[in-house]
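Engineer: Everything below, folded, please.
(one chain, ligands or ions: 1)
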Amino acid sequence: MFSLEKSKQAFAEARTYMPGGVNSPVRSYRSVGGNPPFISSASGSRIYDIDGNEYIDYVLSWGPMILGHANPEIVASILEAIPRGTSYGAPTLLETEVAKKIQAFYPSMEMVRMVNSGTESTMSALRLARGYTGRDKIVKFIGCYHGHSDSLLVKAGSGLATFGVPDSPGVPTGVAEDTITLPYNDSDAVRQLFEAHGESIAAIIVEPVAGNMGCVPPVEGFLETLREVTTEHGAVLIFDEVMCGFRSSSGGAQKYYNVIPDLTCLGKIVGGGLPMAVFGGKKEMMSSIAPSGPVYQAGTLSGNPVAMAAGLATLSMLQKYPNAFRQVEESTEALCQGLEAAAKEVGVPVVVQRVGSMFTLFFTDKAVHNFDDASACDMEAFKTFFHYNLERGIYYAASQYESNFLSTCHSDQDLAYTLQIAKEAFQAIKG
Ligand code: HOZ
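Structural biologist: Residues are numbered from 1 along each chain as shown. This next block holds a predicted model:
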């Protein structure tokens, strides 16, 4: 019998000490209602809560656990690193090894700077773009989330969309004024903007596959347009691949769509689940970063030896088993086809959008190309689907505005059970 009794007590206590009882808003389940399970452990495709419930995990820490939770080789590398000390604030050999591995997957990242989170990565890439071009304005797309730095917390998707807040209080008006927002996948709007104001724009930042309004792929020509206009007007093109990195393909969205940005931001996955992120790109541009150049960026925990060990182990395994990408993509494709077929059979309007091994099931009857499309989905149906699944051991992202992921550990049996429960959930929605 499914129960979240212990999690309920834990959540009540946590709310006394932390806003909403959590350290990141979507985890609080406000948009879907109910109580979040408090997690005690995870292994392979499974995650376990303190009430003893077991779930097939499609969140995977919001993407990074592509090789499954607690992968033995990654765990061994971490355990081996810890006795050597957990932080030095000084250079190590490991950092260069990790940089080389990142470059092997992402050749456009000729030079990198390591940081601790996706937020730091995008914030620093933007500062570099502004410093390099000597311009202030940046362009982002409505529904794309690039972390919570001031410039980027404007019409962001993810947690803000989940809670229906377009912009956050606390972002200075002057900063927000320098952020121009356009609808995702609207090439004409981008062209018009650059024709009128191209000379004052430092950068376009984009999730080349949006993950934070649910999984929304770029329409044909969109990324190409971004590349064209930025080149033409001397602006910097930044791909935020924090979510879609290593998920769209082994070389991310830039390899999959064959559009190469000037700067790339990666997070989560490069640290094998430990706090680590990175930004990088053209050597000439990256040379503007301190101490080579004047654009300041720093951090004691950057290049942390334990995170580097986890990252190196993850990237080495992905290099050693390149089939991992195909395997996880094939499983994701099979699952998505099965979900769509089950919904169709029951007669519930559902569109499943997927790129590589990330996907979102939207309760709608038409393709989702931008934030307005995502917002028009049936959120009540999503809630019913979400809770029906959770209570039966399937752990999806707790918001229609998020993506789900698979790992190499998700077995055929996992997928079969997931599809069985999905069909039942569609029947429950149909009533
Ligand atoms: N909105 C974040 C992922 N897209 C959630 C991160 C978290 O809660 O850990």
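Engineer: The closest residue to R135 other than its chain neighbours in helix, strand or coil?
Structural biologist: Leaving aside its sequence neighbours, R135 sits nearest to A202 (CB to CB, 6 or more residues apart in numbering; 3.9 Å). The C-beta positions use only the backbone N, C-alpha and C, and glycine is treated the same way. Under DSSP: H, G, I helix; E, B strand; the rest coil, the three-state class of A202 is strand.
Engineer: isn't A202 right next to I238, touching?
Structural biologist: No: if you go by CB atoms under 8 Å, A202 and I238 don't touch, sitting 9.8 Å apart.
Engineer: which residues do the two both contact?
Structural biologist: Contact criterion CB atoms under 8 Å, 6 or more residues apart in numbering; residues bridging A202 and I238 by contacting each: 126, 129.
Engineer: of the two, who's got more company?
Structural biologist: The neighbour comparison of A202 against I238 (other CB atoms under 10 Å) goes to I238, with 31 against 25.
Engineer: Any residue of the strand or helix carrying that one touching the ligand?
Structural biologist: Per DSSP states H and E: I238 is located in strand 236-240. No: using CB under 6 Å from any ligand atom, strand 236-240 never reaches the ligand; the gap is at least 11.2 Å.
Engineer: before we move on, back to that, any idea how far the residue nearest to R135 is from Q254?
Structural biologist: Distance of A202 to Q254, given as CB to CB, to the nearest Å: 20 Å.
Engineer: next one: Y29
Structural biologist: Y29 is 34 Å from Q254, by CB to CB.
Engineer: Show me which of those two is the more surrounded one.
Structural biologist: Q254 (24 against 21).
Engineer: How about the more buried one, nearest residue that isn't a chain neighbour?
Structural biologist: Nearest non-adjacent residue to Q254 (CB to CB, 6+ apart): I260, at 5.4 Å.
Engineer: Need the pLDDT of the one you found.
Structural biologist: pLDDT recorded at I260 is 98.
Engineer: Same check on D150?
Structural biologist: 81.
Engineer: what comes up buried for stretch 406-422?
Structural biologist: 406-410, 414-415, 418-419, 421-422 (16 or more other CB atoms under 10 Å).
Engineer: now do stretch 277-286
Structural biologist: For stretch 277-286, a neighbour-count test (16+ other CB under 10 Å) marks 277-282, 285-286 as buried.
Engineer: What of stretch 290-299?
Structural biologist: So, applying 16+ other CB under 10 Å, buried residues of stretch 290-299: 295, 297.
Engineer: List the buried residues in whatever helix or strand M317 lives in.
Structural biologist: Using DSSP H and E, M317 maps to helix 305-320. Under the neighbour-count criterion of 16+ other CB under 10 Å, helix 305-320 has 305-318 buried.
Engineer: Repeat that for stretch 421-431.
Structural biologist: For stretch 421-431, the neighbour count (16+ other CB under 10 Å) marks 421-423, 425-426, 429 as buried.
Engineer: and which of the buried residues of stretch 277-286 is nearest to the ligand?
Structural biologist: Distance to the ligand, by CB to the nearest ligand atom, is smallest for A277 among the buried residues of stretch 277-286, at 12.9 Å.
Engineer: isn't the closest one right next to N116, touching?
Structural biologist: Yes: with contact defined as CB under 8 Å, A277 reaches N116; the gap is 6.3 Å.
Engineer: low pLDDT regions in this structure?
Structural biologist: Across the chain, the ranges flagged by pLDDT under 70 are 157-167.
Engineer: tell me, what residue is most central in it?
Structural biologist: The centroid of the chain falls nearest to M243 when counting by CA atoms, centre = their mean (2.4 Å).
Engineer: Much appreciated, bye for now.
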